[in-house]
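In: any chance you could fold what I've pasted below:
(one chain, ligands or ions: 2)
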Amino acid sequence: MTDPPLFEARDLVKHFRSPRGVVQAVNGVSLSIPRGRTVGLVGESGSGKSTVARLALRLLEPSAGTLSFDGADLGAASGAALRRLRRRMQIVFQDPHGSLNPRMTVLQAVGEPLVVHRMASGAALTDRVVELLERVGLGARDLHRYAHQFSGGQAQRIGIARALATDPDLIVCDEAVSALDVSVQAQVLNLLRGLQAERGISYLFIAHDLNVVRYMSDEVCVMYLGEIVERGDGDAVLRDPQHPYTRMLVSAVPDLATAGPIDEVAPVGEVPSPIDPPPGCRFHTRCPRAEPECAGDRPALRPIADPSAGRTVACRLAGPRTPEAVGS
Ligand code: ADP
Ligand code: MG
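Out: Ligands and ions are numbered 1, 2, ... in the order given. Now for the predicted structure:
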């Protein structure tokens, strides 16, 4: 028996009204994050990753779909029940300076979630904040400084300390290291991994850097125009990508060690607008392998034969995909 996942989203849809029409930002995304594991989400800018992150934490209401957290119906929770669930899930954003209130000291910023959730006050609050700061490589000397007095990497450590304050089970990292220099990036990634090993935290780890995602993730989901087009074991997906879109992403990263040369040519044109996405496979307008049928039915995620279990790809042309082939 496998444990039920900590977090599960089913068929999430988010459409935004905009002056130019309805933006189909997220279209039927399902995700499952086991306890103590990391699910990576990759895709070009505009593919819907941040919208998925905000839906997952109920910072945005979905147009459709269900959410569950530790067996509770997160999508239906409200009031005190929602607040209790929210305490157990936190987010770390891309821009550490922008996401920290410039008028708050480190003590106020890191302590705020503890105050909001009435988990500590007075001297106990300060003690707890110092403990959190020390865990992320800062300390008591930093309590009364302001975020702008820190470098990007240090400010992101403050963001992580803040996210840890309520001792969450799930942390969403939305491009959390993307703005940092490579050497600082590595330190922050190792901090996140260390925290996971210690506390069994689950991560939804969003990044457009495939090397970073591969380093961090157990499972990887690849998004294109609001849909997951490929998912599976992180190493398997990024070493031997099967969806033409994943192959395109991977081929653009020369130092990603792949199983063999990827012969895909560069995709044609720009990412289409999510206001008027292409019919059928959304990638077909840019896909080097597209056939006329690809504009027909929208391909579902289907299992492909792979030594790593649970690999699925939404492409009519990907791998052997009959039930017989999957079983063999
Ligand atoms: P990513 O994080 O992968 O770059 P986002 O989730 O931020 O993608 O955005 C997905 C799509 O939804 C984009 O086309 C974006 O412009 C659009 N979008 C996001 N938020 C809103 C909003 N509040 N109103 C209208 N469109 C939005
Ligand atoms: Mg984003």
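
In: could you give the number of residues near the residue nearest to residue 175 when sequence neighbours are not counted?
Out: In space, not counting the residues next to it along the chain, residue 175 is nearest to residue 94; the distance is 3.8 Å by Cβ to Cβ, 6 or more residues apart in numbering. Backbone N, C-alpha and C define where each C-beta goes, glycine included. Taking other Cβ atoms under 10 Å as the criterion, the count of residues near residue 94 is 19.

In: repeat that for residue 297.
Out: Residues lying near residue 297 (other Cβ under 10 Å) number 11.

In: that one contacts residue 284, doesn't it?
Out: No: distance between residue 297 and residue 284: 11.3 Å, which falls outside the contact criterion (Cβ atoms under 8 Å).

In: measure the residue nearest to residue 175 to ligand 2 for me?
Out: According to Cβ to the ion, to the nearest Å, residue 94 stands 7 Å off from ligand 2.

In: swap in residue 160?
Out: The gap separating residue 160 from ligand 2 is 18 Å, by Cβ to the ion.

In: tell me the contacts of that residue?
Out: Residues touching residue 160, when contacts are defined by Cβ atoms under 8 Å, 6 or more residues apart in numbering, comprise 92, 136, 176, 188, 191, 192, 195.

In: what pLDDT does it get?
Out: Each residue has a pLDDT score; the one for residue 160 is 97.

In: for it, helix, strand, or coil?
Out: helix (DSSP: H, G, I helix; E, B strand; the rest coil).

In: domain ranges for the chain?
Out: 99-167, 242-327 (automatic domain parsing).

In: off-centre distance for the longest one?
Out: Domain 242-327 has its C-alpha centroid displaced from the chain centroid by 20 Å (Cα atoms, centre = their mean, to the nearest Å).

In: close to ligand 1, is that domain?
Out: Yes: judged by Cβ under 6 Å from any ligand atom, domain 242-327 comes into contact with ligand 1 at residue 274.

In: would you mark the buried spots in stretch 118-135?
Out: 119, 120, 125, 128, 129, 130, 132, 133, 135 (16 or more other Cβ atoms under 10 Å).

In: tell me the secondary structure for the nearest residue to residue 29 once chain neighbours are set aside?
Out: Spatially, and ignoring its direct neighbours in sequence, residue 29 is nearest to residue 12 (4.6 Å; Cβ to Cβ, 6+ apart). The three-state label for residue 12, taken from three-state DSSP, comes out as strand.

In: what about residue 12, distance to ligand 2?
Out: Applying Cβ to the ion, the value for residue 12 to ligand 2 is 16 Å.

In: from now on call the first residue 12
Out: Taking 12 as the first residue, the last one we looked at is residue 23.

In: and the helices in the stretch 112-261 of the chain?
Out: In the stretch 112-261 of the chain, the helices defined using DSSP state H, counting those that start in this stretch lie at 117-127, 133-146, 163-175, 193-210, 221-227, 245-250, 255-262.

In: mean confidence score for the fourth one?
Out: Per-residue pLDDT over helix 193-210 has a mean of 96.

In: contact partners of that helix?
Out: By Cβ under 8 Å, 6+ apart, the surrounding residues in contact with helix 193-210 are 47, 49, 146-148, 162-164, 167-168, 171, 175, 178, 182, 184, 187-188, 191, 212-214, 223, 226-227.

In: same check, this time on the fifth one
Out: With Cβ under 8 Å, 6+ apart as the contact definition, helix 221-227 has outside contacts at 49, 51-53, 188, 196, 200, 203-204, 214, 216, 218, 231, 245-246, 249, 260-261, 264, 266-267.

In: cool, thanks, signing off.
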